[in-house]
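# predicted model and sequence follow; I will ask about them next.
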Amino acid sequence: MLNIRRHARASTVDVALRRDADWLAIEVRDDGVGFATAGRGLGLQSMKERARLLGGVCTVETMPSRGTRITARLPLAAVPRRA
């Protein structure tokens with residue numbers, strides 16, 4: 001939320017958390033300024049990598065002047081760590 005405040009200049013932010021049998025889905029959507037290239041920043045890449053390490057996925061959708069939506073889908077079951 002801090003990055004949205006710092007960078008997006010959004011007037012609204014929606015956060016949704018959903019659970020189904022085996023997955024947790026988190027979505028953060030804002031109506032801010034968006035940006036030209038999704039996934040370019042270190043923070044966005046880090047979120048994607050952390051989701052992948054947990055066996056999930058994180059996607060970033062954005063358009064300049066149209067806002068941004070970040071969605072993470074994570075398994076609820078423990079994922080064994082690889083060395």
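Cool, the structure landed. Every value quoted in this text rests on a predicted model; they were computed, and no experiment measured them.

# in this structure Thr62 contacts Gly32, no?
No. The criterion here is CB atoms under 8 Å, and Thr62 misses it with Gly32 at 9.1 Å. (Glycine included, C-beta is placed from N, CA and C.)

# any shared contact partners between the two?
Between them, Thr62 and Gly32 share these contacting residues under CB atoms under 8 Å, 6 or more residues apart in numbering: Thr68.

# gap between Ala25 and Ile70?
Taking CB to CB, to the nearest Å as the measure, Ala25 falls 11 Å from Ile70.

# actually Asp22, not the one I wrote
Relative to Ile70, and taking CB to CB, Asp22 is found at 21 Å.

# more neighbours, the two?
Neighbours per residue (other CB atoms under 10 Å) separate Asp22 from Ile70, with Ile70 holding more: 19 against 8.

# contacts only, for that one.
So Ile70 contacts 27-29, 44, 47, 58-61 (CB under 8 Å, 6+ apart).

# let's have the residues you listed in JSON lines, adding distance to Ala8.
Below are the contacts of Ile70 laid out as JSON lines (distance: CB to CB, whole Å):
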{"residue": "Glu27", "distance to Ala8": "15"}
{"residue": "Val28", "distance to Ala8": "10"}
{"residue": "Arg29", "distance to Ala8": "11"}
{"residue": "Leu44", "distance to Ala8": "13"}
{"residue": "Met47", "distance to Ala8": "15"}
{"residue": "Cys58", "distance to Ala8": "17"}
{"residue": "Thr59", "distance to Ala8": "17"}
{"residue": "Val60", "distance to Ala8": "12"}
{"residue": "Glu61", "distance to Ala8": "14"}
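
# show the buried residues in those residues.
For the contacts of Ile70, a neighbour count by 16 or more other CB atoms under 10 Å gives the buried set as 28-29, 44, 47, 58, 60.
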